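Visitor: Turn this into a structure:
(one chain, ligands or ions: 1)
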Amino acid sequence: MYDVIIIGAGPAGVSASLYTKRANLNTLIIYHDKSGLEKAELIENYYGFENGITGKELYNEGIKQAKRLGTEVLDEEVINIKMEEKGFTVITNKNEYQTKTVIFATGNKKNTPKIKGIKEFEGKGISYCAVCDGFFYRNKNIAVIGSGNYAISETNELINLAKEITILTDGKTAPEIRADNVKIVPKKIREVRGETRVEEVEFEDNTKLPVDGIFVANGIAGSSEFAKKLGILTNKENIVVNENMETNIPGIYACGDCTGGILQVSKAVYEGAKAGLEVIKYVRNKN
Ligand SMILES: Cc1cc2nc3c(=O)[nH]c(=O)nc-3n(C[C@H](O)[C@H](O)[C@H](O)COP(=O)(O)OP(=O)(O)OC[C@H]3O[C@@H](n4cnc5c(N)ncnc54)[C@H](O)[C@@H]3O)c2cc1C
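Guide: Okay, here's the model as predicted:
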């Protein structure tokens with residue numbers, strides 16, 4: 001069992017690991033997909049680089065620094081996290097890992113697709129969490145919007161509850177899934193419609209699909225999706241933390257862009273350090 005699993009290898013996640021690893025905690029960093037940093041052409045407002053540094057370079061150097069200190073760093077996509085009696089199970093597209101604590105350092109990527117009707121019908125047939133809301137759709141016809149590992153994982157949560165599930169990839173290709181009540185429709189979506197609740201999806205080719213509900217599982221899961229599954233408090237999709245980077249769930253911490261506020265490397269580094277230091281205290285108290 002790991003002492004801590006850090007999800008994210010940007011400035012917040014790596015910074016947390018520098019403290020936990022050097023305090024001899026069994027530390028695992030899991031990352032996948034881009035960091036906000038990789039989009040930054042040149043960073044000139046972070047300490048220590050006379051001529052600035054490209055975001056990509058800073059990101060890669062951070063990962064190398066964590067590895068040099070002996071931290072295990074894996075490129076895998078986290079698709080689910082479960083609370084267990086003695087900690088947490090972090091499930092990726094490749095494996096499952098047990099840990100005493102989790103630090104979210106997942107950045108501030110927002111996954112809501114820009115499809116007309118999605119925002120309007122949130123809570124009225126649009127859901128972002130299969131394990132939370134799946135039960136409301138037993139024996140109903142539902143759709144899952146998404147095309148990656150996360151969409152498949154959410155679909156698997158719903159297979160034994162729903163009557164029919166249609167995976168809507170919005171024009172992308174999705175991995176195969178074998179189940180009698182699941183089909184994949186790769187058409188481009190125009191709009192989600194209904195009177196007071198979601199009733200149908202209209203496609204660009206003018207065809208329609210009647211549905212009782214839609215689960216959004218677009219792209220790779222971020223902090224707000226995990227927060228919903230675990231009951232972590234959020235505010236406008238940011239994870240709510242106290243000054244110790246603790247969430248409302250003991251053993252779960254968050255740092256960096258996923259907690260909102262100033263979206264800058266310096267703030268991510270500070271919060272990562274603080275989360276790391278607090279995890280050290282938490283794990284030592286438990287032992
Ligand atoms: C265009 C642009 C320019 C910027 N310029 C500046 C600048 O000049 N100065 C400055 O200080 N800041 C700048 N920033 C902001 C800076 O990039 C962020 O504040 C910083 O990267 C936040 O760090 P983080 O560790 O919180 O998140 P990120 O760096 O975004 O890292 C998130 C990590 O989470 C991982 N992750 C997310 N979901 C999953 C999942 N499901 N499974 C596995 N891994 C996952 C990602 O792979 C990544 O490793 C800029 C940002 C952008 C977009």
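
Visitor: residues making contact with the top helix by length along the chain?
Guide: Counting by DSSP state H, the longest helix found in the chain is helix 265-286. Defining contact as CB atoms under 8 Å, 6 or more residues apart in numbering, one finds that helix 265-286 is touched by 3-4, 10-20, 23, 25, 37, 43, 45-47, 58, 100-101, 103, 105, 241, 243-246, 250-251, 253-257, 259, 261. In this view, the C-beta of every residue, glycine as well, is placed from N, C-alpha and C.

Visitor: Give me the buried entries from those.
Guide: Neighbour counting over those (16 or more other CB atoms under 10 Å) leaves 3-4, 10-20, 23, 25, 37, 43, 46, 58, 100-101, 103, 105, 241, 245-246, 251, 253-257, 259 as the buried ones.

Visitor: of those residues, list those near the ligand.
Guide: Here is what survives when the buried ones among the contacts of helix 265-286 are matched to the ligand using CB under 6 Å from any ligand atom: G10, P11, A12, G13, L37, I43, Y46, A105, G256, D257.

Visitor: And for the nearest residue to the last one once chain neighbours are set aside, the neighbour number?
Guide: Put plainly, it is D257. Nearest-residue entry for D257: N108, 3.8 Å, with adjacent residues in sequence omitted and distances by CB to CB, 6 or more residues apart in numbering. For N108, the tally of surrounding residues (other CB atoms under 10 Å) stands at 16.

Visitor: in what helix or strand does N108 lie?
Guide: Under DSSP states H and E, no helix or strand contains N108.

Visitor: give the contact list for the closest residue to the ligand within the stretch 151-287 of the chain.
Guide: Proximity to the ligand, evaluated over the stretch 151-287 of the chain using CB to the nearest ligand atom, is greatest for G256 at 2.2 Å. The neighbours of G256, taking CB under 8 Å, 6+ apart as the test, are G8, G10, P11, A12, G13, A105, T106, G107, K267, A268, E271, G272.
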